[in-house]
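Asks: Need a 3D model of the following:
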Amino acid sequence: MTDVYNEIKPGAQAVAESVTRKRAALEAKHIILTDCPGDVAAYLPKYHHTMHEIIEIGPWQSYGAFREGAGRNMTRLFLSDEARVACAEQLSRLTDVQKRASYLFSYEDAADWIHKNVESEVMSVLVPLSMFATDPDAFRAQFLEERGKRFVRLEDAITKGKSPARPPCQSGA
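Replies: Okay, the predicted model is just below:
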């Protein structure tokens, strides 16, 4: 009887039940937990962004807004101290902030969440094309030249009676 008592310490069962409940609660929150800390390395290529990085790319204005929205159900990787030790080589490629984070997120998951849950009113974005040119001044000069040629062609068409503009609607026709 003393062997059985020594084998199971007082309170050990309560602690095990508490850990099981906490683990189930964490899994319900879409947190990736691994049984072996070394398994975290398999998730690091995808999950390596901090909450701050996710907030910067998303529609959230604060940490609280993120926690109330995507923070409730966006998948994240739990980075325990044991996992940090087991995956030291893979973690060496991350920034110091990413190494210290408790949870790491994926940009792909954030994009999916935004696509499913955010309704955007933006229809188009204007970007100056000269940003993509190696020589913006030459690009601008070429554009102005082409635009000038277009206006000359339009003026010629109008003077010859071949206006590209539609004639006004005539009533009673």
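
Asks: Do a quick rundown of the strands in the chain.
Replies: Secondary structure of the chain (DSSP state E): strands at 31-32, 76-78, 103-104.

Asks: Pipe those into a markdown table and attach mean neighbour count per row.
Replies: The way it works is simple: take the backbone N, C-alpha and C, and place the C-beta from them, glycine included. Listed next are the strands of the chain as a markdown table, based on neighbours: other C-beta atoms under 10 Å:
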| stretch | mean neighbour count |
| --- | --- |
| strand 31-32 | 17 |
| strand 76-78 | 20 |
| strand 103-104 | 22 |
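
Asks: Nearest to Ser62, out of the ones you listed?
Replies: Among the strands of the chain, strand 103-104 comes nearest to Ser62, with 17.0 Å by C-beta to C-beta.

Asks: mind listing what that closest one pairs with, with the direction of each?
Replies: Paired strands of strand 103-104, with direction, are strand 76-78 (antiparallel) (DSSP bridges).

Asks: For the partner strand, which outside residues touch it?
Replies: Contact with strand 76-78 is made by 26, 30-33, 40, 43-44, 47, 102-105, as judged by C-beta atoms under 8 Å, 6 or more residues apart in numbering.

Asks: Next: stretch 90-97.
Replies: Contacts of stretch 90-97 (C-beta under 8 Å, 6+ apart): Ala41, Leu44, His48, Thr50, His52, Arg84, Gln98, Lys99.

Asks: Next, the third one: phi, psi?
Replies: His48 has phi and psi values of phi -150, psi 20 when expressed as degrees, to the nearest 10.

Asks: Tell me the spacing between it and Asp39.
Replies: In this view, His48 and Asp39 are 15 Å apart by C-beta to C-beta, to the nearest Å.

Asks: between the two, who's got more neighbours?
Replies: A side-by-side neighbour count of His48 and Asp39, using other C-beta atoms under 10 Å, places His48 first with 22 against 14.

Asks: Quick check: longest helix in the chain by residues?
Replies: Determined from DSSP state H, the single longest helix within the chain is helix 136-159.

Asks: Show me what the mean pLDDT comes to for it.
Replies: Mean pLDDT, helix 136-159: 81.

Asks: Export it to PDB, keeping only CA atoms.
Replies: Provided in PDB are the C-alpha atoms of helix 136-159 (Å, rounded to 0.1, in the frame of the first residue of the first chain):
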ATOM      1  CA  PRO A 136      11.000  58.300 -63.900                       C
ATOM      2  CA  ASP A 137      11.900  61.600 -65.700                       C
ATOM      3  CA  ALA A 138      12.300  59.800 -69.100                       C
ATOM      4  CA  PHE A 139       9.100  57.800 -68.400                       C
ATOM      5  CA  ARG A 140       7.200  61.000 -67.700                       C
ATOM      6  CA  ALA A 141       8.500  62.700 -70.800                       C
ATOM      7  CA  GLN A 142       7.500  59.700 -73.000                       C
ATOM      8  CA  PHE A 143       4.100  59.800 -71.500                       C
ATOM      9  CA  LEU A 144       3.600  63.500 -72.200                       C
ATOM     10  CA  GLU A 145       4.800  63.000 -75.700                       C
ATOM     11  CA  GLU A 146       2.300  60.100 -76.300                       C
ATOM     12  CA  ARG A 147      -0.500  62.200 -74.800                       C
ATOM     13  CA  GLY A 148       0.400  65.100 -77.000                       C
ATOM     14  CA  LYS A 149       0.200  62.900 -80.100                       C
ATOM     15  CA  ARG A 150      -3.200  61.600 -79.000                       C
ATOM     16  CA  PHE A 151      -4.600  65.100 -78.800                       C
ATOM     17  CA  VAL A 152      -3.200  65.900 -82.200                       C
ATOM     18  CA  ARG A 153      -5.000  62.800 -83.600                       C
ATOM     19  CA  LEU A 154      -8.200  63.800 -82.000                       C
ATOM     20  CA  GLU A 155      -8.000  67.300 -83.400                       C
ATOM     21  CA  ASP A 156      -7.400  66.000 -86.900                       C
ATOM     22  CA  ALA A 157     -10.300  63.600 -86.600                       C
ATOM     23  CA  ILE A 158     -12.600  66.500 -85.500                       C
ATOM     24  CA  THR A 159     -11.500  68.800 -88.300                       C
END
